[in-house]
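Chemist: Based on what follows, work out the 3D shape:
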Amino acid sequence: MSSTGDKISGVANQAIGKVKQGIGEATGSEKLQAEGHAQEVQGQAQKAVGDTKAAVKNTADKVADAADRKL
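Modeler: Residues are numbered from 1 along each chain as shown. Below you'll find the model as predicted:
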């Protein structure tokens, strides 16, 4: 998955997780609260992967540009 795809999926999972937690709290469902928390954490990790991929690509592009200028 691309960095943008990871970021979008991560943000979506975070949002869905928060909604599940809220519904779980409103209904008294500890299971739904736990599922929501897990999904939110998964989303945070997925977004972090996307951010890292983007940073690595950006750095690689800068290095390539610098190398091209020296040639």
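Chemist: From now on I want contacts and neighbour counts done on CA atoms only, so please keep to that.
Modeler: Noted.
Chemist: give me every residue that touches the residue nearest to the spatial centre of the chain.
Modeler: In the chain, the centroid-proximal residue (C-alpha atoms, centre = their mean) is residue 47; its distance is 1.4 Å. Residue 47 is in contact with 6, 7, 8, 9, 10, 11, counting by C-alpha atoms under 8 Å, 6 or more residues apart in numbering.
Chemist: Report the secondary structure element holding it.
Modeler: Following DSSP states H and E, one finds residue 47 within helix 30-70.
Chemist: which other residues reach stretch 12-19?
Modeler: 35, 36, 37, 38, 39, 40, 41, 42, 43, 44.
Chemist: okay, now the closest residue to residue 17 other than its chain neighbours: neighbour count?
Modeler: Closest residue to residue 17 apart from its sequence neighbours, by C-alpha to C-alpha, 6 or more residues apart in numbering: residue 36 at 3.9 Å. By other C-alpha atoms under 10 Å, the residues close to residue 36 number 24.
Chemist: ok, now residue 27?
Modeler: Neighbour tally, residue 27, other C-alpha under 10 Å: 11.
Chemist: related to what we said a few turns ago, between the contacts of stretch 12-19, which sits nearest residue 66?
Modeler: residue 44 (32.9 Å; C-alpha to C-alpha).
Chemist: Next one: the closest one from residue 12, what distance?
Modeler: Using C-alpha to C-alpha, to the nearest Å, residue 44 is found at 10 Å from residue 12.
Chemist: One more: residue 62?
Modeler: 30 Å.
Chemist: okay, the two: which has more neighbours?
Modeler: residue 12 (18 against 12).
Chemist: any idea of the mean pLDDT for whichever strand or helix holds the more buried one?
Modeler: Using DSSP H and E, residue 12 sits in helix 3-27. For helix 3-27, mean pLDDT is 96.
Chemist: report the angle between the axes of that helix and helix 30-70?
Modeler: 160 degrees (axes from the mean of the first three to the mean of the last three C-alpha atoms, to 10 degrees).
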